[in-house]
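Novice: heads up, no residue letters with this:
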Ligand code: GLU
């Protein structure tokens, strides 16, 4: 097998879509698995679609995700420059080579002439309206003009494009590693523009020339590029580069959560989940789109989630850190069918990765939340809170957001619990419990429970009946982390004060 050299080749036309991160990930996994090279090439030849800040955003996103680039923009390497706008001369040379060999030609047609051709063909009810085998000899190009006319036009600076001369009656075949054999008749392909009148190459020319020069072994990209693949094969053939042609693997689409159609930013906005890895402020509209990072997703959880959107290991195992993904990943196990984007699954992965962290690691998140609010908290207490909250959280912020009662005594109380569980009996028990707690400076969760059991036994009331009211008084809520642990953390004097407040302020509803 030749050395694995793969590339992620985004165009800086806006924020990187999450599907782009998946493409980058699959390339990265293959490179790492085979000790190969991961290349980042910026495909910025379409100046009209260039968006300032997009390239930096791509680099930041890959860095955050942990997808390291070995060669390319931001990393350098033997094939620099890796930004296509800086490689204009290279593409020109190759386009001219094809012209010289009769495999491409200059075309001088104006916009009006092209439009007239399309209208004529439409009126003739022709099956195709493309510039190609059937029509090229009726147009103004170097196949129909004399050599002198062409030379004159070029020296006068008449605008021109260079078009590929697609061969007549040929079947173009390629073997996609995911989709199998793809075959297209050359009559389906028009004489694509390779060089535009502004001197810039089109995507097709630049992409193929660079993949060849950069010795790319596998082209792994989204399904939307599958229709372009036969043209790319034709370009390899035109250049005589068949031997060095990369393998192709076109990844399945990412679908809306219900499986109906392609996932779009609009779907994500409507359903309230991110579609970009990092926050992105659209430079034209100033609209801010929240990223996965800012929404609290851990990069390793996101990668695990993305890996499974189109690939599976063939076993039941779902949790794979990056090293395990590298080990298990193969292109053969990528499916053809579109992958439903289920954000709940992403949340599930996030929970799993958070739970795998130690209390010490989790406490850093909590201490950050607290620091922003100017709330002091000892590390020991923060770690205990994390222990109490760890199985309940989806995002790092949840530790504080769902555990505010560790820092503030409640002033509002869950109405439903008040209705159902707050009564004379609970007040009797809670008063007695409060009196016990008041005597103590500290208490363990275990002793908090023993004390409560004793109080209940003395009053001959079942502990189970009392717990909802106790939780209500301590936290204001109907559910939450282990209550005895909560009492240990807030300490008995604070717990007693909260019971006092509740007893005095919550009215009995029945
Ligand atoms: N520049 C293309 C994109 O933005 C790259 C497609 C390819 O990988 O060939 O997706």
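Specialist: Cool, the structure landed. This structure is a prediction, so every number in the text was calculated from the model and none was measured.
Novice: Touching the strand or helix carrying residue 350 from outside, list them.
Specialist: Using DSSP states H and E, residue 350 maps to helix 343-355. With contact meaning C-beta atoms under 8 Å, 6 or more residues apart in numbering, helix 343-355 is reached by 257, 271, 273, 292, 296-298, 300-302, 304-305, 308, 318-319, 362, 390-391, 393-396. Using the backbone N, CA and C atoms, a C-beta is placed for each residue, glycine as well.
Novice: Show me what counts as buried in that helix.
Specialist: 343, 345, 346, 347, 349, 350, 351, 353, 354 (16 or more other C-beta atoms under 10 Å).
Novice: How about stretch 193-212?
Specialist: Buried residues in stretch 193-212, counted by 16+ other C-beta under 10 Å: 193-196, 200-212.
Novice: Could you give the average pLDDT over the helix holding residue 350?
Specialist: Helix 343-355 shows a mean pLDDT of 98.
Novice: Tell me who's in contact with the nearest residue to residue 439 once chain neighbours are set aside.
Specialist: Distances taken as C-beta to C-beta, 6 or more residues apart in numbering put residue 492 closest to residue 439, at 7.9 Å, once the chain neighbours are dropped. By C-beta under 8 Å, 6+ apart, the contact list for residue 492 reads 437, 438, 439, 440, 441, 442, 443, 448.
Novice: one more time with 6 Å
Specialist: Shown in contact with residue 492 (C-beta atoms under 6 Å, 6 or more residues apart in numbering): 437, 440, 443.
Novice: So which bits of the stretch 201-350 of the chain are right by the ligand?
Specialist: Contact residues (C-beta under 6 Å from any ligand atom) of the stretch 201-350 of the chain with the ligand: 207, 221, 225.
Novice: Apply 8 Å and report the result again.
Specialist: Contacts of the stretch 201-350 of the chain with the ligand, taken as C-beta under 8 Å from any ligand atom, map to 203, 207, 211, 219, 220, 221, 222, 224, 225, 228.
Novice: can you check the chain too?
Specialist: Close to the ligand, as judged by C-beta under 8 Å from any ligand atom, the chain has residues 7-11, 13, 20, 23, 43, 203, 207, 211, 219-222, 224-225, 228.
Novice: can you rerun that using 6 Å?
Specialist: So the chain meets the ligand at 9, 10, 11, 43, 207, 221, 225 (C-beta under 6 Å from any ligand atom).
Novice: and the gap between residue 237 and residue 94?
Specialist: Distance, residue 237 to residue 94, using C-beta to C-beta, to the nearest Å: 14 Å.
Novice: And those two? Which one has more around it.
Specialist: Applying other C-beta atoms under 10 Å to residue 237 and residue 94 shows that residue 94 carries more neighbours, namely 22 against 15.
Novice: my guess is that one meets residue 209, correct?
Specialist: Yes - the pair residue 94 / residue 209 is scored as a contact, 5.1 Å apart, by C-beta atoms under 6 Å.
Novice: in terms of contact, does residue 502 touch residue 475 like I think?
Specialist: No - applying C-beta under 6 Å as the test, residue 502 and residue 475 come out as separate, 10.4 Å apart.
Novice: thinking again about what came up before, cross the buried residues of stretch 193-212 against helices and list the overlap.
Specialist: 203, 204, 205, 206, 207, 208, 209, 210, 211, 212 (DSSP state H).
Novice: Could I get the contacting residues of the third one?
Specialist: Read it as residue 205. Counting by C-beta under 6 Å, 6+ apart, residue 205 makes contact with 91, 194.
Novice: Relative to residue 211, how far out is it?
Specialist: 11 Å.
Novice: same check, this time on the second one
Specialist: Computed with C-beta to C-beta, the distance linking residue 204 and residue 211 is 11 Å.
Novice: Helices along the stretch 301-450 of the chain, start to end?
Specialist: Under the criterion DSSP state H, counting those that start in this stretch, helices of the stretch 301-450 of the chain are mapped to 322-328, 343-355, 359-373, 379-389, 398-401, 415-421, 424-438, 445-459.
Novice: So what touches the last one?
Specialist: Read that as helix 445-459. Contacting residues not belonging to helix 445-459 are listed as 429, 432, 433, 436, 463, 484, 485, 487, 488 [C-beta under 6 Å, 6+ apart].
Novice: Who are the contact partners of the last one?
Specialist: By C-beta under 6 Å, 6+ apart, residue 488 lies in contact with 443, 444, 445.
Novice: Out of those residues, which comes closest to residue 74?
Specialist: residue 445 (50.6 Å; C-beta to C-beta).
Novice: Counting neighbours, which of the residues of the stretch 201-350 of the chain next to the ligand comes out on top?
Specialist: residue 220 (27 neighbours).
Novice: State which one residue of the stretch 251-400 of the chain is found closest to the ligand.
Specialist: In the stretch 251-400 of the chain, the residue that lies nearest the ligand is residue 251 (10.1 Å; C-beta to the nearest ligand atom).
Novice: Would you confirm that that residue contacts residue 219?
Specialist: No - between residue 251 and residue 219 there is no contact under C-beta under 6 Å: 10.7 Å.
Novice: tell me the angle of the helix holding residue 350 relative to helix 379-389?
Specialist: Counting by axes from the mean of the first three to the mean of the last three C-alpha atoms, to 10 degrees, helix 343-355 lies at 140 degrees to helix 379-389.
Novice: got the angle between helix 343-355 and helix 359-373?
Specialist: Using the same axes, to 10 degrees: helix 343-355 against helix 359-373 is 110 degrees.
Novice: Can you get me the centre-to-centre distance for helix 343-355 and its chain?
Specialist: 15 Å (C-alpha atoms, centre = their mean, to the nearest Å).
Novice: any low-confidence regions in the stretch 401-510 of the chain?
Specialist: Applying pLDDT under 70 to the stretch 401-510 of the chain flags the ranges 510.
Novice: Please name the nearest non-neighbouring residue to the one residue in the stretch 401-510 of the chain that gets nearest to the ligand.
Specialist: Distances between the stretch 401-510 of the chain and the ligand by C-beta to the nearest ligand atom are smallest at residue 401, namely 37.2 Å. On the basis of C-beta to C-beta, 6+ apart, the spatially nearest residue to residue 401 that is not a chain neighbour turns out to be residue 369, at 7.8 Å.
Novice: Now that we're looking at that neighbour, what pLDDT does it have?
Specialist: Residue 369 is assigned a predicted lDDT (pLDDT) of 94.
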